[in-house]
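*Asks:* let's see this in three dimensions:
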Amino acid sequence: MFTVPIVPPIPANIDLHPNDDVARATSTSIPDSPSKRRRVLVEEIEDVEAGGLPKRPWIEDFPGSADRMRLSFRSSHTFYKKVDALPRGPTAWKREVFEAVGDVLGEDGKPKSEMVELWMRDAVDCVRELIENPAYRDSIRYRPERQYADSEGKTRIYGNIHTADWWWNLQMPEQSTIVPVILASDKTMLSRMSGDKSAWPVYLTIGNIEKNVRRKPSAHATVLLGYLPVAKLECFSEKRRSLEGYRLFHKCMQTILKPLVEAGQTGVLMTCVDGMVRRVYPIVAAYIADHPEQALVAACQENRCPKCPVEPNDRGEPVFSCLKDPEKVSAILKRVSEGQNPPEFAGLGLRAVKPFWEDLPHCDIFSALTPDILHQLHKGMFKDHIVSWATKAIEGGADEIDRRFKAMLKHSDLRHFKNGISLVSQWTGTEYKGMEKTFLGVVAGAGDERVTRAVRAVLDFIYYAHFETHTDKSLTHGLHRSWSNYHKCKAIFIELEIRRHFNFPKGHSTEHYELSIRSVGTADGYSTEHPERLHIDFAKLAYGASNKQDSYIKQMAQWLDRQEAVCRFSRYLHWAAGQRSPPAMPESPARTPTACASASRDKPGASRFRAEANLPIATAESHSHPELPLGDVEDASDISWTRSYQVAKTPAFPSMQVSQLVTDFGTTHFVWCLKDYLLRLATGDHTKLQAASIMLPDTALVAVYKQCKVRLPAISQVSSGSSPAVDIIHASPSHPGPNGLTTVPAYMSTVLARDPALSALRAADLPALYDAKNPLQSEFRRHVMVRLNGNFAVLILPLYRSACCARTCNIRTPESLQHRRLGRD
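*Replies:* Residues are numbered from 1 along each chain as shown. Sure, this is the predicted structure:
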């Protein structure tokens, strides 16, 4: 039952002013009850003292300001009219309607038909919008480069597309530049809980913008090119429906990319962000898609490789297969369209379509299909295959895997699966990456050694594929070697009757990673994680703003157009607030990387061999590949990191006796290790040696820190260098819980320390490191002592208070340790 509140009539003594926002009382005859108490305004309250807040300051001091302070719109309709009046960019939306006439007859005896809509924007205008955007002034390139890790120019470095072979091998006229167009498409579901509404966005970005910028959704370096129609095609029989879906896709993509045909042949004049007017040649260089969509783009069946002509039964073997020739494939499809039946058509597993890429200039679509780390490696090779195989190969199966995951030690950078992994129903890329960090330790020693080697080879390949920067050595001795090791060890799964063959597409796709990285740059710049993240901004939020009816695509396009207009106007206001005159365009600086040697192609018409021979090679000592020495990495922008480690200003245990270290932390050899450490510091000073030789008593007080933050050195392969990577080392004993009824267990991080005097840790040295009778005594970052005690690493920071040391054992705290204790570092 619903009750309706009774609204009392307005008293006669209330004067309603039509221009006021509230009703003002003209008398105080209203009863002083809680329900009918008179509203008192701020203007009626007298100032507490002279010079207080004036009454009605804006209305009294600024006549007419009340009207100016009101919003310029009174309804949503007038608000949208204001938004629609904002300046628009050159990328206007267009609609193209196609009619699909099927082979199924209707009730009237005529073939059924279906109308589909294609919403798109001009591809050349989208390229112009990106290359003329001043926000990318410092991260845009106009010519290719060859970068080297050595001064002799023998070890190439591959990162962004301008450092790879594709751009370098293309010839371009003088005073012009090539714009590598990167496309991405992925169908996504829009309806929640119920419904069948879907969208098929097509995204566009350019390779001139560095990948660290274009991968950020907040940078808006990827624009929405159009919405492909998501048609059911019920007018076709089930036998033809799949083929007609292929044809509709290629027809729509051909319509969207039609402006790139003429622009790629003759070029388009554009004003770049450095103030130069160049003739730009937009050429499709990369296409980001998952495997089903790659097969759709390549016009082949899904049980075939989209890139090479390998037979389906040979996909599981490490055989080299060259890429398909786009000209030959186009010729075969053309013969099929003329009614012929060439044998190569069935041999390559093609579909009878007119490919959209056959008219695009300088486009090799089979080389443009990039690696998909998310679906091919994380979800494919790792989760769907190697985890399932290893689980079946281990005695105890899933229960043993869960038990080992539960027993893993906690760490700030590792995800702890406290309930195991068998009960997780829905996995995302975050879960995959969290599992990969610890899965090798889970399976180690639980089964056949060859199973562990196979798991390690797959994980090595995944991490090498994630490198942000590759060299010839890392590709040959890292990525390719791990791929070969997997194929050497995979036979164990056949012997255990877990697999009968390895002919699945995601396993075969790993063969093309090395060639793709050399062609268009590292695989991290082409992951499908980025388009799936863009679905939120360009599909799901836009669909949420629509009425979710049949015209939702039109409403989504209009909503996005208004959002871009508001964003454009907001950026203009931000610029106008900071400076009243446009900034002068600085000259484009020389883009020679400071961390490697590079050769830039200054003469566009020259051959690559001549350009490579004539250009000088510059080197820098700050980059060494593949190994970088562990050392302090100074960053002038981060003044808090004066050293490579940090501790709290106040210790967690400011006055702890040495005897408590043994009982609470289990550091039985702490006194002897501290003595050895102080003796090394006092080498060459007779007075200090005498003081350091005195043994600490059990009652000596020390300041103990339970946590230390270590800044890891920047490595170009796995870090962009924008922010330092911080690792946390923690060691705390068990203590009572907050309620006093429970006990918080001891928490200690496992640390493997390397002595700076040693060049590397060899496998033969590991048993000695884990010997409980001879724990590792190592100097970590000069002042942090790490000891391995049994299976746990206990972190002790021997930072003594100088007064206590002088009074008890006549040992003065070193100056550097005093600074650490006071928190100056």
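
*Asks:* which residues in the stretch 251-400 of the chain form helices?
*Replies:* Along the stretch 251-400 of the chain, counting by DSSP state H, counting those that start in this stretch, helices occupy 258-266, 291-298, 326-337, 343-347, 365-368, 387-393, 397-407.

*Asks:* how about those in TSV, adding mean neighbour count and distance to residue 202?
*Replies:* (Each C-beta comes from the backbone N, C-alpha and C, glycine too.) Output for the helices of the stretch 251-400 of the chain, formatted as TSV (neighbours: other C-beta atoms under 10 Å; distance: least, C-beta to C-beta, whole Å):
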stretch	mean neighbour count	distance to residue 202
helix 258-266	17	13
helix 291-298	22	11
helix 326-337	16	20
helix 343-347	12	28
helix 365-368	24	15
helix 387-393	20	33
helix 397-407	16	40
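
*Asks:* residue 304 is in contact with residue 366, correct?
*Replies:* No. With contact taken as C-beta atoms under 8 Å, residue 366 and residue 304 are classed as non-touching, separated by 11.8 Å.

*Asks:* follow-up on the earlier one: would you turn the helices of the stretch 251-400 of the chain into CSV with mean pLDDT and distance to residue 428?
*Replies:* Converted to CSV, the helices of the stretch 251-400 of the chain look like this (pLDDT from 0 to 100; distance: least, C-beta to C-beta, whole Å):
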stretch, mean pLDDT, distance to residue 428
helix 258-266, 94, 34
helix 291-298, 94, 18
helix 326-337, 94, 35
helix 343-347, 91, 39
helix 365-368, 95, 27
helix 387-393, 92, 15
helix 397-407, 90, 17
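
*Asks:* okay, now the nearest residue to residue 652 once chain neighbours are set aside: neighbour count?
*Replies:* Among residues not flanking residue 652 along the chain, residue 706 sits closest, at 4.3 Å (C-beta to C-beta, 6 or more residues apart in numbering). Applying other C-beta atoms under 10 Å, we find 19 residues neighbouring residue 706.

*Asks:* now residue 186
*Replies:* The burial metric for residue 186, expressed as a neighbour count using other C-beta under 10 Å, is 20.

*Asks:* hmm, residue 431 and residue 379 touching each other?
*Replies:* No. Applying C-beta under 8 Å as the test, residue 379 and residue 431 come out as separate, 10.1 Å apart.

*Asks:* these two: which is more packed in?
*Replies:* Neighbours per residue, other C-beta under 10 Å: of residue 379 and residue 431, the larger number sits with residue 379, 19 against 16.

*Asks:* what sits against that one?
*Replies:* Residue 379 is in contact with 427, 429, 432, counting by C-beta atoms under 8 Å, 6 or more residues apart in numbering.

*Asks:* only the buried subset of the residues you listed, as a ChimeraX command please.
*Replies:* Paste this into ChimeraX to select the buried members of those, with burial taken from 16 or more other C-beta atoms under 10 Å:
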select :429,432
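
*Asks:* any idea what residue 183 is bridged to?
*Replies:* Beta-bridge pairing of residue 183 under DSSP bridges involves residue 204, residue 287.

*Asks:* ok now do it, which residues does it touch?
*Replies:* Counting by C-beta under 8 Å, 6+ apart, residue 183 makes contact with 202, 203, 204, 225, 284, 286, 287, 288.

*Asks:* wait, isn't the fifth one in contact with residue 364?
*Replies:* What it means is residue 284. No. Taking contacts as C-beta under 8 Å, residue 284 lies outside contact range of residue 364: 9.0 Å.

*Asks:* out of the two, which sits in the busier spot?
*Replies:* Neighbours per residue (other C-beta under 10 Å) separate residue 284 from residue 364, with residue 284 holding more: 23 against 18.

*Asks:* could you tell me the model confidence score at the more buried one?
*Replies:* The model reports residue 284 with a pLDDT of 96.

*Asks:* and it, how far from residue 178?
*Replies:* Noted for residue 284: a distance of 11 Å to residue 178, by C-beta to C-beta, to the nearest Å.

*Asks:* got any residues that touch both of those two?
*Replies:* With C-beta under 8 Å, 6+ apart applied, the contact sets of residue 284 and residue 178 do not overlap.

*Asks:* low-confidence ranges in the protein?
*Replies:* The chain contains residues with pLDDT under 70 at 1-69, 579-642, 719-724, 753-825.

*Asks:* and the longest helix for it?
*Replies:* Ranked by residue count and defined by DSSP state H, the top helix of the chain is helix 552-578.

*Asks:* list the buried residues in it.
*Replies:* Buried residues in helix 552-578, counted by 16+ other C-beta under 10 Å: 552-553, 555-565.

*Asks:* adding distance to residue 353, write those residues out as JSON lines.
*Replies:* As requested, the buried residues of helix 552-578 are exported to JSON lines (distance: C-beta to C-beta, whole Å):
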{"residue": "552", "distance to residue 353": "28"}
{"residue": "553", "distance to residue 353": "24"}
{"residue": "555", "distance to residue 353": "31"}
{"residue": "556", "distance to residue 353": "28"}
{"residue": "557", "distance to residue 353": "27"}
{"residue": "558", "distance to residue 353": "32"}
{"residue": "559", "distance to residue 353": "33"}
{"residue": "560", "distance to residue 353": "30"}
{"residue": "561", "distance to residue 353": "32"}
{"residue": "562", "distance to residue 353": "36"}
{"residue": "563", "distance to residue 353": "35"}
{"residue": "564", "distance to residue 353": "33"}
{"residue": "565", "distance to residue 353": "37"}
